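1. Sequence unavailable; structure follows:
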């Protein structure tokens, strides 16, 4: 039986060149798990890599909330992509 997932949140730290991220997951027992990801580039190639990883590791029944640090204009590309 698959474990119940209540919430998911993807945190992204934005810089000019890269995106650092970690997915936080809360299960039915209110336990938290954190799934880190190595940095990706802050461009279309990195956005696609992030999206592919997120689809692979996130629970499909609960859409993750995405929270990111808005740094100058560097967050705009990933914001529009997502």
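-> Happy to help now that I have it. Everything numeric in this text was worked out from a predicted model, so none of it was measured. Residues are numbered from 1 along each chain as shown.

2. Next up, the contacts around the residue positioned nearest the centre of the chain.
-> In the chain, the residue lying closest to the centroid (C-alpha atoms, centre = their mean) is residue 10, at 3.3 Å. By C-beta atoms under 8 Å, 6 or more residues apart in numbering, the contact set of residue 10 is 21-24, 54, 58, 64-67. For the C-beta atoms, the positions are set from N, CA and C on the backbone; glycine is no exception.

3. next one: residue 9
-> Per C-beta under 8 Å, 6+ apart, neighbours of residue 9: 23-24, 64-67.

4. what about it, which helix or strand?
-> Element membership of residue 9, judged by DSSP states H and E, is strand 5-14.

5. Run the chain-centre distance for that strand.
-> Distance, stretch centre to chain centre, for strand 5-14: 5 Å (C-alpha atoms, centre = their mean, to the nearest Å).

6. what does stretch 15-25 give?
-> 7 Å.

7. neighbouring contacts of that stretch?
-> In contact with stretch 15-25 (C-beta under 8 Å, 6+ apart) are residues 5, 7-13, 32-37, 39-42, 46, 50, 54, 57-59, 64, 71-72, 74, 78.

8. buried stuff in that stretch?
-> 18-19, 21, 23-25 (16 or more other C-beta atoms under 10 Å).
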